[in-house]
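> Need a 3D model of the following:
(2 chains)
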2 protein chains.
Amino acid sequence: MRFSSRESVSLKKTLIFFLFSICALVVAGQRKSVAEQLGYPKDAKLLIVHADDLGVSHSENAASISAMEKGCVKSASIMVPCAWFPEMAAYASLHPDMDFGLHLTLTSEWKYYKWGPVTPAHNIPGLVNKNGFFYSSVDSVVANASPAEVEEELRNQVTRALKYGIKPTHLDSHMYTLHETLGFLKAYLKIGHEFNLPVYITRQVGNNLHVNLDTIVSERDIIIDTLLTAEYADYKAGMVNFYTKGFKNLKPGITYLILHTAYDDDEMKAVTVEHDGWGAAWRQQDYDFFSSPLCARLLKENNIYVVSWREIRDKITHR
Amino acid sequence: MRFSSRESVSLKKTLIFFLFSICALVVAGQRKSVAEQLGYPKDAKLLIVHADDLGVSHSENAASISAMEKGCVKSASIMVPCAWFPEMAAYASLHPDMDFGLHLTLTSEWKYYKWGPVTPAHNIPGLVNKNGFFYSSVDSVVANASPAEVEEELRNQVTRALKYGIKPTHLDSHMYTLHETLGFLKAYLKIGHEFNLPVYITRQVGNNLHVNLDTIVSERDIIIDTLLTAEYADYKAGMVNFYTKGFKNLKPGITYLILHTAYDDDEMKAVTVEHDGWGAAWRQQDYDFFSSPLCARLLKENNIYVVSWREIRDKITHR
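Here you go, the predicted model:
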């Protein structure tokens, strides 16, 4: 069998990719689990109980603060470009021991309540719609924005948060926009490395993008094993049931539980108007469950270690 | 008595100013009153019952719509740069017969809930604080912004409102910022003329700025005779009392009544936190009075003609 010159180059590339992948797998195999790195038993069930979307509204801020002070929510992330960001930033800066990260935001998804980027629009035209706001959908961001624009906006969001006195413990991505393309993912990781912060990423993200994550993350990044978050059908079937089962079936390794705490009040109903999914009633159910003694009892009964991004940042990212 | 050359020039300037002022007074004297121009008796008591600050929050939007649909509020103005502007714009564009103007906004005065300009910050650096928002106080706007920057931002606010389908009946000025300097006032009038819209201005504004308004307004502008609006002491003494007296003592001519309708709910309490003046409870009192049958009865008993900016725009500005 003979190969043409072009086929030969292609074969070489394939072989090199295989070799890299094998090396990466070996490295990953040698790497200690997140549990071990944090000082827990190797097969411990670790859970980050994490509220998203802080800063989006007063209702979300007030309910999330309550669920963190009195309930089971132990980590949360804040949306910098929203009008209620200063309220949440003031609280976070006065409570530096609590676990607040930044919910990096490139979309403005609600019908009548809007926000735009932190960066001047002329620097990042691909992130801005005709009205000067972010696009409503992730698809529009993917269609219009470049990784360079994304990187600039992310950097400015982190910088604004620092200016407001927040000491973020981590970064994650509103509506998972930064998990959508390899370019966005690299910008996200770059900003994490630049500010020395862990970023939320799962192995599934690598699978979706057909990339071996071990080839783009560093030793000081972590990869979350499992995402646990309610979908529309789970909400319709009842949140208590969903979370009870989720805690019971939790696997060893590190799971990221994403929830949304707000009150089912006039403001939140108006923010989420015409959205049954992730609406005000949904968020009230999350608030009710994660403020309940039942939640604390279930976590205990199922031998779950609730861990924070602060532990991850200080023991892994900053080591 | 002899004059030096410099004194002579100064004397000439003074004489010219006097002549202009006399001409202006003659023109003003000849000009028909607003009541006559609108077709009311010459000595009629005209009142614009006007709610400010629409768009600032969902609470303000919902209460103002209710007070306009069911109560005595017949005119209102909308803040374009705020996060809840799209909600109010959607309502206004669906109700083109209602009397909505634009509450031109250059300040962001609340502690934890913020907004910035519609124009990219690099074009109007003097209007933007270190966090990218408008300044909190009028004084800071006066100290930092040029009339050219103000003019550009006003133009962009009107343009955005038009894009959202609002057909504004008038322009007025949030926190009276545009009445603060002659440069700002001229920019405000220029934008009014450019979009063929009446602007809110009182004779008192001319007095404060030591300028004869008749020298800078056109025949198609109107000058409001009296502003009626509650101050802090009036609020403390009771709003029903203040408005009852205000209606009873109304003078012939055109009076602009500025009020603020919102609910005393969690959102509005948080927006106005640490501000007793113009706070949530104050706005609820305005809502209660202007939604009450008492208000309608008092207007009738005192022979007050409630007029709209639409009448002014269509019969005076557009004639």
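> and residue A:277, how far is that from residue B:232?
Between residue A:277 and residue B:232 the distance is 45 Å, computed by CB to CB, to the nearest Å. In this view, the C-beta of every residue, glycine as well, is placed from N, C-alpha and C.
> Chain B contacts on the stretch 101-250 of chain A?
Contacts of the stretch 101-250 of chain A with chain B, taken as CB under 8 Å from any CB of the partner chain, map to A:111-115, A:118, A:120-122, A:130-132, A:160, A:163-164.
> hmm, 7 Å instead?
Within the stretch 101-250 of chain A, the positions adjacent to chain B are A:112, A:113, A:114, A:115, A:118, A:120, A:121, A:122, A:131, A:132, A:160, A:163 by CB under 7 Å from any CB of the partner chain.
> Let me know the closest of the residues you listed to chain B.
residue A:112 (3.5 Å; CB to the nearest CB).
> for that closest one, what are its contacts?
Contacts for residue A:112 (CB atoms under 7 Å, 6 or more residues apart in numbering or on different chains) come out as A:270, A:273, B:86, B:87, B:90.
> where along chain A do the helices fall?
Using DSSP state H, the helices found in chain A span residues A:5-30, A:34-38, A:58-70, A:85-94, A:138-144, A:147-163, A:182-194, A:203-209, A:232-237, A:239-248, A:266-271, A:280-290, A:293-301, A:309-312.
> any chance of the ones you listed in JSON lines, plus mean pLDDT and mean neighbour count?
Putting those into JSON lines (pLDDT from 0 to 100; neighbours: other CB atoms under 10 Å in any protein chain shown) gives the following:
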{"stretch": "helix A:5-30", "mean pLDDT": "51", "mean neighbour count": "11"}
{"stretch": "helix A:34-38", "mean pLDDT": "95", "mean neighbour count": "18"}
{"stretch": "helix A:58-70", "mean pLDDT": "98", "mean neighbour count": "24"}
{"stretch": "helix A:85-94", "mean pLDDT": "98", "mean neighbour count": "21"}
{"stretch": "helix A:138-144", "mean pLDDT": "98", "mean neighbour count": "16"}
{"stretch": "helix A:147-163", "mean pLDDT": "98", "mean neighbour count": "20"}
{"stretch": "helix A:182-194", "mean pLDDT": "98", "mean neighbour count": "20"}
{"stretch": "helix A:203-209", "mean pLDDT": "95", "mean neighbour count": "16"}
{"stretch": "helix A:232-237", "mean pLDDT": "95", "mean neighbour count": "13"}
{"stretch": "helix A:239-248", "mean pLDDT": "98", "mean neighbour count": "17"}
{"stretch": "helix A:266-271", "mean pLDDT": "98", "mean neighbour count": "23"}
{"stretch": "helix A:280-290", "mean pLDDT": "98", "mean neighbour count": "22"}
{"stretch": "helix A:293-301", "mean pLDDT": "98", "mean neighbour count": "14"}
{"stretch": "helix A:309-312", "mean pLDDT": "98", "mean neighbour count": "24"}
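> wait, which of these is closest to residue B:215?
Nearest to residue B:215 among the helices of chain A is helix A:85-94 (42.9 Å), distances taken as CB to CB.
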